Structure formats: C-alpha cells, structure tokens
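J.: Quick one: sequence plus predicted model below, questions after.
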Amino acid sequence: MKWISVIAFLLAATGASAQNVTGRWTGPGALTNTGVPADNGTELVLALSESGGKITGYIEGPRANDSIVSGKLEGNKLTLEAERAGRGGQMQTVTYTAEIEGGKLKLTMPQPQFGGRGAGRGGRGGAPRPPQVFELARVSSKDPGPKPAPAPLVSLPMPEPVKHELARTPPMGWNSWNKFRNQVSDAMVREMADAIVSSGMRDAGYIYVNIDDTWEGLHRDSRGNIVTNNKFPDMKKLADYIHSKGLKLGIYSSPGPKTCAGYMGSYQHEEQDARTFASWGIDYLKYDWCSASQVYTNNDQATMAGAYAKMGLALLNSGRPIVYSLCQYGNLDVGEWGESVGGNLWRTTGDIQDNWNSMSHIGFELQPGREKYAWAGHWNDPDMLEIGNGGMTDTEYQTHMSLWCILSAPLLAGNDIRSMSPSIASILMNKEVIAVDQDHLGRQGVRVAKDGDLEVWAKPLAGDAYAVGLFNRGAESAKITARWSDIGIQGSHPVRDLWKHQDLGAVADSFTAEVPSHGVVMIKVAK
C-alpha cells in the first residue's frame, strides 16, 4: 500500500509538471471592488501556445492587449512575460503569474505603471492596490496561432483651430472616479447631487456632477448610437434631475474604441456621440486617451491633437454648450495645443493618488512652467481633488486645496459628499480660498521663492491684489517668510489670513509665519 501511494504521488507530480497549457482560456474581463467578477459582459482572453518547452501567445481584454514573449510552467504555477505599447508608444515589459487548479487558470494581473489608472498614479508613493486575480476556463485546446495583426495606426495632420468660449473660471464640481470607480450608478449620482445641495457645496460653486468611466454599454445599438449600461437606465432623466437641483451633468468617453475600463469609446463616432450627449442634456465631457494608443500613431503631437479636435469640433456643432476636458496625462506638450482643439482644461500629469507624495509631487514639482498656458476658458488640470478620501491628514488636505486654488486648477471633489465630515466640508467650502481659484483675472500662480522644503507661491488677483501661499513640505514645523519683493510689490499692504479668516493689518516688506509640517499659511495681500 505504501508503494502504491508513492507511485500515485509521483505520477500526479509528473502529470502536473507535464501538463500542456496550449489553448484558449477565457473568463469575465472585469472585477468589482471586492474582487468578484463584474456582470458587465466583458471578457478576458488568454491564448497560449506551448511547444518544445517554449510558451508564447497573447492576452486580450478590457485593459490588456499584450503579446506573450516567453513563459515558464513549474508544477501548477505559470509565469508569463509580455510586452505592451505604453501611452507614449514605448514598449513595456509586464509579468503575469497564474496557478492552474482543477481545470481553471487563476491569472494575476501585473500592477499597472503610474500615469494612468493604477497603483503609483501620479508617479510617487502610495501602497499598491491588491492584485486582481481572474479565473479563466479553457474553452479550446487547439493552438491559437499568432496574435491577430492590428490594423495600421492612423496618423492625423495638425487640425484647424476649434474655439470653445466656456469655463471662463476653472470648473468646480464632483467626479465619481477617485472614490467609487466602477461602483458609480444612477442612484448614487442622484444621492450625491442631493448632498451637494444640502451640504452647501452648490452654493460654494461646485455645480458639475461628473460621471466618470463605467456608465457605458459594451456595444452600440443597431444605428450605431452609444448607449448606457444597466446602472444608468435613462441618462436624459438623470440629467433632468441634476438640472432641477441647479447643477450640471458631466460624462466621460475616449477618442479610442474602448475606455480605460473597457467600455465603448467614441472612436469613429465623434459627431454621433456629441449629438447623443447633447440630446441627453450633458454639460461637460471628460475625454480620456485610453485605447486611442491602439488606433492612432503614438508619440505624435499632430495626431493626438487631431484626435481631440474631432470631438472638440463635434461638441461645438452639437447644439449644446459642453465643457471639454482633455485627459491625456500632459503628454506631447498639451499646453501648446489644448486650446486649439477646443479644450477648456487639460490634464498636466498622470492620475493623482490619495497620499502626500503623489499630491505634492504633482502640485509642486510638475506644474511650474505651465502657467503661460492658463487663462480664462483654458486651464491646466493637475487632476481631481482627493480631499476627504482618507489618505492624508486635514493639514495636508488644506495644503492640497490651497495649492490647487493658487494654480487656478479645476476643483472637482472626489469624496463621498453624503458622509463628509465637518472638517472636510470646511476645507472644500472655504469661500475665501475658493475665491482665489475663481478670480476673474484668470492668472495661474507661480513659485516665487524656495528654500529646501519651504516654498512661497503667489497668484495675481483682480484689483492689484495677490494670493500668497507659504508651504512647508518638510517633516518639522518651520518659519517661512514671504518677501514682497519676490512677489513684485513693495511697501506696506493689508494682509488677511484666508484659513483663519482674520485681518492681520498692514504689513511692510515681508510676512513671516510658523507653518506646520506639510501645512500652509495662505494670505491675501491687498493693494
């Protein structure tokens, strides 16, 4: 009996190591926030060819279009090395791992790189999100052959200028992505609109209620119209409800065939989708590059500008004023051409993350030099606000708010307004700080002094006034001095603390304050 058990064990081990993974494996292409398959009809395909100990193939899904260049199977554990085209066109290497159990293949997706919608967004810091594991079943044991050749990439000439006379001050509102991602729904958007009104946010200026990715269907209707999925049964009725609250409704799409989450994009349907958005009563469009890199020539400014100009012109001709937000991560000097394609705002970086390193890196390090592109109707966008999502202290959130307002950035809250704490509400609805952002002079602030981790930023305001931020990026409290000569003024000027809501009297030549670690003192210097 003992020998029979040993032989059975050896046979099982041999079988496990000798199993062949050739074939086509498929399964649900999206997961919910809790890691269970999402019922949205998307599919993930893993095509493998194993021959002579070499494994090749490809992976296709809502957020994957990778070529497998090598693989290794040890027992029931599989490692796959794959290549993909990055957003700038450069090839990236990613590693997939998998386990084969009971005829199922459990595939772990690689952690995304920063600059898009994954861990490390914004380029700095933050704990990575838990890995996503997809369960696939083998539907065929036949060799799938090579990956189908993609269609030739499209190149476009630099477009003729498109003019949108909207968003004369930076847009303010709320966006679903940072907090809720694929959990957004019609009911949630209605509740959020109610909370924006009851909390006082609408009266503070937050008027756009923006639905980010995952509202779309996976296919178009028989006439080619973009449609909603079952989370949004009637977008026109939702828009009517939002408008009845004195608010405006925003939506999301992509110049590519698919959005970042794998839903229907607007590629080759720009005019049709713009008309649809207008018929629904949409007031704001965020247009995210995403899969456009799979159909357009990469790393080509004219082509990217041309792709965005298609929708810019379509919105202009839609019969409804729709604010146009370009989301292409600041690539290819977007400030040079964002206005000319009809953009009212354009992203300057990859996605922000709810932590100090990401926020401060984006705000302090990646915005200087962009101020020349910002003016009424055309704004640099360092990404949405993370205030209230729990990854930073209230002091850090105060810095976040202050810096974004000095930068004349769009103010799109991304927290759960329904359960917002009083301290978070006081940060988001500080009307004196918001007034700096919304100042009608339309000038973006700049850094005027820096001493290690201590920085002074200033923004010109209407009436010959200035907003000045004294920022401490260091680990200890420190005294910071703002010199009037660095700002371009001299003499004695009335000073008001915008967070304490206190007049500090006339101050001559300079202003000094004790600033906490990761904190700010923000003042207005009058004429």
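T.: Done, it's in. Numbers count the residues shown, from 1 in each chain.
J.: how many other residues sit next to S70?
T.: The tally of other residues near S70 (other Cβ atoms under 10 Å) stands at 11. For every residue, glycine as well, the C-beta is placed using N, CA and C.
J.: what about it, distance to L48?
T.: Distance, S70 to L48, by Cβ to Cβ, to the nearest Å: 12 Å.
J.: what is in contact with those two at once?
T.: Residues within reach of S70 and of L48 at once, by Cβ atoms under 8 Å, 6 or more residues apart in numbering, are I55, T56.
J.: tell me the domain boundaries of the protein?
T.: In the assignment given by automatic domain parsing, the structural domains of the chain cover 2-140, 172-442, 447-525.
J.: Now do the end-to-end distance for stretch 240-253.
T.: Distance between the boundary residues of stretch 240-253 (Cα to Cα, to the nearest Å) amounts to 20 Å.
J.: Give me the contact list for it.
T.: For stretch 240-253, contacts defined as Cβ under 8 Å, 6+ apart pick out 173, 175, 189-190, 193-194, 196-197, 202, 207-213, 215-216, 226, 235, 238-239, 259, 265-266, 273, 277, 280-288, 311, 323, 325.
J.: just checking, which of those residues belong to helices?
T.: The members of those that map onto helices under DSSP state H are 189-190, 193-194, 196-197, 202, 235, 238-239, 273, 277, 280, 311.
J.: want to try CSV for the residues you listed, with pLDDT, distance to M522 and neighbour count as columns?
T.: Compiled in CSV, the ones in helices among the contacts of stretch 240-253 are given as follows (pLDDT from 0 to 100; distance: Cβ to Cβ, whole Å; neighbours: other Cβ atoms under 10 Å):
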residue, pLDDT, distance to M522, neighbour count
V189, 98, 32, 23
R190, 98, 35, 16
A193, 98, 30, 23
D194, 98, 31, 15
I196, 98, 24, 26
V197, 98, 27, 16
R202, 98, 24, 19
M235, 98, 39, 22
L238, 98, 37, 23
A239, 98, 36, 21
D273, 98, 41, 26
F277, 98, 37, 27
W280, 98, 39, 19
M311, 98, 37, 29
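J.: Go through these and say which is closest to G377.
T.: Proximity of the ones in helices among the contacts of stretch 240-253 to G377 (Cβ to Cβ) peaks at M311, which lies at 17.1 Å.
J.: residues contacting that closest one?
T.: When the contact criterion is Cβ under 8 Å, 6+ apart, the partners of M311 are S253, P255, S266, E270, D273, A274, L285, Y287, Y324, G342.
J.: Please apply the same query to A374.
T.: If a contact means Cβ under 8 Å, 6+ apart, then A374 has N380, S408, G442, R443, Q444 as its contacts.
J.: gap between it and G312?
T.: As judged by Cβ to Cβ, A374 and G312 stand 18 Å apart.
J.: Ok, W375 next?
T.: Applying Cβ to Cβ, one obtains 18 Å for the distance of W375 from G312.
J.: Name the surrounding residues that touch the helix or strand containing M401.
T.: Mapping M401 onto the secondary structure by DSSP states H and E places it in helix 394-406. Where contact means Cβ under 8 Å, 6+ apart, the residues beyond helix 394-406 that reach it are 356, 359-360, 363-364, 382, 385-388, 392, 411, 423-424, 427-428, 430, 433-434, 436-437, 445, 457-459, 467, 469, 471, 499, 516-520, 522.
J.: what mean pLDDT does it have?
T.: Averaged over helix 394-406, pLDDT sits at 98.
J.: now for whichever helix or strand comes after that helix, which elements pack on it?
T.: The C-terminal neighbour of helix 394-406 among helices and strands, as given by DSSP H and E, is strand 411-413. Counting contacts by 3 or more Cβ pairs under 8 Å, 6 or more residues apart in numbering; DSSP states H and E, strand 411-413 packs against strand 172-175.
J.: Output the contacting helices and strands for the next helix-or-strand element following the strand it packs on.
T.: Toward the C-terminal end, the helix or strand that comes next after strand 172-175 (DSSP H and E) is helix 177-180. Here helix 177-180 is seen to pack against no other helix or strand when contacts are counted using 3+ Cβ pairs under 8 Å, 6+ apart.
J.: Send me helix 177-180 as CSV with only the CA atoms.
T.: Listed in CSV are the C-alpha atoms of helix 177-180, where the atom choice follows Å, rounded to 0.1, in the frame of the first residue of the first chain:
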residue,chain,number,x,y,z
TRP,A,177,-13.8,58.1,-10.1
ASN,A,178,-11.4,58.7,-7.1
LYS,A,179,-13.8,57.3,-4.5
PHE,A,180,-16.2,55.0,-6.4
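J.: Go through it and flag the buried ones.
T.: Buried residues in helix 177-180, defined by neighbour count with 16 or more other Cβ atoms under 10 Å: W177, N178, K179, F180.
J.: and of those, the nearest to T303?
T.: Within the set of the buried residues of helix 177-180, W177 lies nearest T303; the separation is 26.2 Å, counting by Cβ to Cβ.
J.: Identify the residue nearest that closest one in space, chain neighbours excluded?
T.: Leaving aside its chain neighbours, W177 sits nearest to D212 (3.7 Å; criterion: Cβ to Cβ, 6 or more residues apart in numbering).
J.: how far away is that neighbour from S254?
T.: Using Cβ to Cβ, one gets 11 Å for the distance from D212 to S254.
J.: Same question for L73.
T.: Spatial separation of L73 from S254 under the definition Cβ to Cβ is 36 Å.
J.: Of these two, which one has the most company?
T.: When neighbours are counted by other Cβ under 10 Å, S254 comes out ahead of the other of L73 and S254, with 26 against 21.
J.: and that one, how far is that from D394?
T.: Going from S254 to D394 by Cβ to Cβ gives 35 Å.
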